[in-house]
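Asks: My questions concern the predicted model and sequence given below.
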Amino acid sequence: MTLGDEFLRRRPYNAASDMIDANIGRGLADKVAFTDPDRSITYAELQSRTCRLARALQTLGVRPEERIAVLLPDMVDYPVAFWGAIRAGVVAVPLNPLLTAEQYAYILDDCRASLMIATAPLARIVLPVLDRLPNLRTIVLVAAALEDSALFAGVRVYDFEQILARESGDCFVAATSSDEVAFWLYTSGSTGAPKGVKHVHTSPMATARLMGQGVLGIREDDVVFSAAKLFFAYGLGNAMSFPMSVGASAVLWPQRATPDAVFKIMRRHRPTLFLQCQRSMQLCWRTTIYAAALVQTVCAFPFPQAKLCQRIWVNAGASWSEWMSSTVSGLPKCCRHS
């Protein structure tokens, strides 16, 4: 069977089977899948928690193919929410955590989300527009305090950990098809109103095989860090579907990926693969300044004994060495893309 046949042929298929359950079958149950500044989650824990969430969504009355919004910073609960929805046959809609109430109102109304999984601070941003969202019946709060639920009048409010604790972690996937929609990603709206782009169940593995494995050469022993966030298509692949496709590990950072934060993460977690889009670099600093600072900082460490990162990829079209050589003369050999 060719790659095209595998991804284009209609068949019973749920993306959670390949991305999570297959790694358990390959003996990676105890391997760390995701790490954030406070916690880590193994593939076995990810499987159990996504199964619990999938059952919880059914208990809460969310029907197959309904949309649920995921409004979270990059944290270990994010893949639980995203893949739990997909496992249940529900459509996940990741949201940018930096939008305004009006922007959330537009997107939530456009996708007709019936449930939202969010941290309390982010959910509060939606408070002023709740009366304009008749489809949004339920909010599930992550890491919430007891008093938070009282703020959201007119909708049912649940605690994330409590609804997971009530359900079984036994493995299951909903009966979905390979060409069935699994998640929506919204465009930035730079050419008008944001548009919901629909992705089917085979999309994560197709992009992981073609880009993650075929271009980046991601491996099971990699530790990945992506400066691009999970709500963004580039970050979703970099930090979730690419590493999960081979059973690698990913480091998640909930705050803005400033240069100082990036270097801190590199020193602490020693990622073997760092991914960043060139546009985001330019938003951090002017490109040449960022490049020079990164070369100076990275090269302050002895190589290869104490590498901060073995492989760096700047965007989908250029390797680190190609981009750096265009901005900084005399690129040190130790910084070249491998």
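Replies: Arrived safely.
Asks: hmm, who's touching stretch 233-240?
Replies: Contacts with stretch 233-240, where a contact means CB atoms under 8 Å, 6 or more residues apart in numbering, come from 74, 79, 82, 94, 185, 204, 207-208, 211-212, 224-230, 250-252, 275, 277, 315-316. For every residue, glycine as well, the C-beta is placed using N, CA and C.
Asks: what's the spacing between it and its chain's center?
Replies: Chain-centre distance of stretch 233-240: 6 Å, with CA atoms, centre = their mean, to the nearest Å.
Asks: about what we covered before: list buried residues within the contacts of stretch 233-240.
Replies: Buried residues within those, defined by neighbour count using 16 or more other CB atoms under 10 Å: 74, 79, 82, 94, 185, 204, 207-208, 211-212, 224-230, 250-252, 275, 277, 315.
Asks: Which residue ranges of the stretch 1-150 of the chain form strands?
Replies: Using DSSP state E, counting those that start in this stretch, the strands found in the stretch 1-150 of the chain span residues 32-35, 40-42, 67-71, 91-94, 115-119, 138-142.
Asks: Tabulate these in TSV, adding columns for mean pLDDT.
Replies: Shown next, in TSV, are the strands of the stretch 1-150 of the chain (pLDDT from 0 to 100):
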stretch	mean pLDDT
strand 32-35	98
strand 40-42	98
strand 67-71	98
strand 91-94	98
strand 115-119	97
strand 138-142	96
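Asks: okay, those in CSV with distance to residue 26 next?
Replies: As requested, the strands of the stretch 1-150 of the chain are arranged in CSV below (distance: least, CB to CB, whole Å):
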stretch, distance to residue 26
strand 32-35, 13
strand 40-42, 13
strand 67-71, 27
strand 91-94, 25
strand 115-119, 29
strand 138-142, 29
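Asks: beta partners of residue 184?
Replies: residue 198 (DSSP bridges).
Asks: And the pLDDT at it?
Replies: At residue 184, the model reports a pLDDT of 98.
Asks: gap between it and residue 96?
Replies: According to CB to CB, to the nearest Å, residue 184 and residue 96 sit 13 Å apart.
Asks: More neighbours: which of these two?
Replies: Ranked by neighbour count (other CB atoms under 10 Å), residue 184 and residue 96 place residue 184 first, with 20 against 15.
Asks: In this structure the more buried one contacts residue 198, no?
Replies: Yes: if you go by CB atoms under 8 Å, residue 184 and residue 198 touch, sitting 5.6 Å apart.
Asks: what's around the nearest residue to residue 18 once chain neighbours are set aside, how many residues?
Replies: Counting by CB to CB, 6 or more residues apart in numbering, residue 205 is the residue found nearest to residue 18 once chain neighbours are left out, at 5.2 Å. By other CB under 10 Å, 23 other residues sit near residue 205.
Asks: Okay, and residue 205 sits in which element?
Replies: In this structure, residue 205 is located in helix 203-207 according to DSSP states H and E.
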